[in-house]
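Peer 1: Let's see this in three dimensions:
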Amino acid sequence: MSTQSYDDQSSGWLGFAAIVMFAVGFFRIISAITYFANSYKLNNLTNGLFSGHNWAWGLWDLLIAALAILAASSILAGGGFGRVLGYIFGVLVIVQGFTIIGIAPWYAAFSIIIGILVVYGLASSPREARR
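Peer 2: The predicted structure follows:
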């Protein structure tokens, strides 16, 4: 019979933060595909950052997706890059939630809670992953 040793200090919060970052990445890939396909379901973005150029919005979403997936991989590997990006994404999700709370209150509340849990998970976990 073999015995396995488990680290009692580790928690699932880092895994939770990584899963949220992976989810952000994959949903942004799907969003980029809709921009590249010039879907009729898109909102009017002419007053936005990239005007009506859907290809630019698609590239922006692909950039965010790549950073989120790299951050999630880094979090799982115990790197500092993923933690920094995780904090940034968590805070931005919280701020975005407060900006849209009048438009979509349930979505905003859910986003704020997810952002708080990601920041808490990164802050409460040990800085160095034990192997």
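Peer 1: Go ahead and confirm residue 116 touches residue 94.
Peer 2: Yes - between residue 116 and residue 94 there is a contact at 6.5 Å, judged by C-beta atoms under 8 Å. Using the backbone N, CA and C atoms, a C-beta is placed for each residue, glycine as well.
Peer 1: Follow the chain on from whichever strand or helix holds residue 31 and name the next helix or strand.
Peer 2: Assigned by DSSP states H and E, residue 31 belongs to helix 13-36. Heading C-terminal from helix 13-36, the first helix or strand you meet, by DSSP H and E, is helix 54-77.
Peer 1: and that next one, what does it pack onto?
Peer 2: helix 13-36, helix 80-99 (3 or more C-beta pairs under 8 Å, 6 or more residues apart in numbering; DSSP states H and E).
Peer 1: Enumerate the positions of that helix that are buried.
Peer 2: Neighbour counts using 16 or more other C-beta atoms under 10 Å place 54, 57-58, 60-62, 64-65, 67-76 of helix 54-77 among the buried residues.
Peer 1: got the CA coordinates for that helix in PDB?
Peer 2: Output of helix 54-77 as PDB, limited to C-alpha atoms (Å, rounded to 0.1, in the frame of the first residue of the first chain):
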ATOM      1  CA  ASN A  54     -15.500  44.800 -35.400                       C
ATOM      2  CA  TRP A  55     -12.100  43.300 -36.300                       C
ATOM      3  CA  ALA A  56     -10.400  45.600 -33.800                       C
ATOM      4  CA  TRP A  57     -12.900  44.700 -31.100                       C
ATOM      5  CA  GLY A  58     -12.200  41.000 -31.900                       C
ATOM      6  CA  LEU A  59      -8.500  41.500 -31.600                       C
ATOM      7  CA  TRP A  60      -9.000  43.300 -28.300                       C
ATOM      8  CA  ASP A  61     -11.000  40.300 -27.000                       C
ATOM      9  CA  LEU A  62      -8.400  37.900 -28.200                       C
ATOM     10  CA  LEU A  63      -5.700  39.900 -26.300                       C
ATOM     11  CA  ILE A  64      -7.700  39.800 -23.100                       C
ATOM     12  CA  ALA A  65      -8.300  36.100 -23.600                       C
ATOM     13  CA  ALA A  66      -4.600  35.400 -24.100                       C
ATOM     14  CA  LEU A  67      -3.700  37.300 -21.000                       C
ATOM     15  CA  ALA A  68      -6.400  35.600 -18.900                       C
ATOM     16  CA  ILE A  69      -5.300  32.100 -20.000                       C
ATOM     17  CA  LEU A  70      -1.700  32.900 -19.400                       C
ATOM     18  CA  ALA A  71      -2.500  34.300 -16.000                       C
ATOM     19  CA  ALA A  72      -4.500  31.200 -15.100                       C
ATOM     20  CA  SER A  73      -1.600  28.900 -16.200                       C
ATOM     21  CA  SER A  74       0.800  31.000 -14.200                       C
ATOM     22  CA  ILE A  75      -1.500  30.900 -11.100                       C
ATOM     23  CA  LEU A  76      -1.600  27.100 -11.300                       C
ATOM     24  CA  ALA A  77       2.200  26.900 -11.700                       C
END
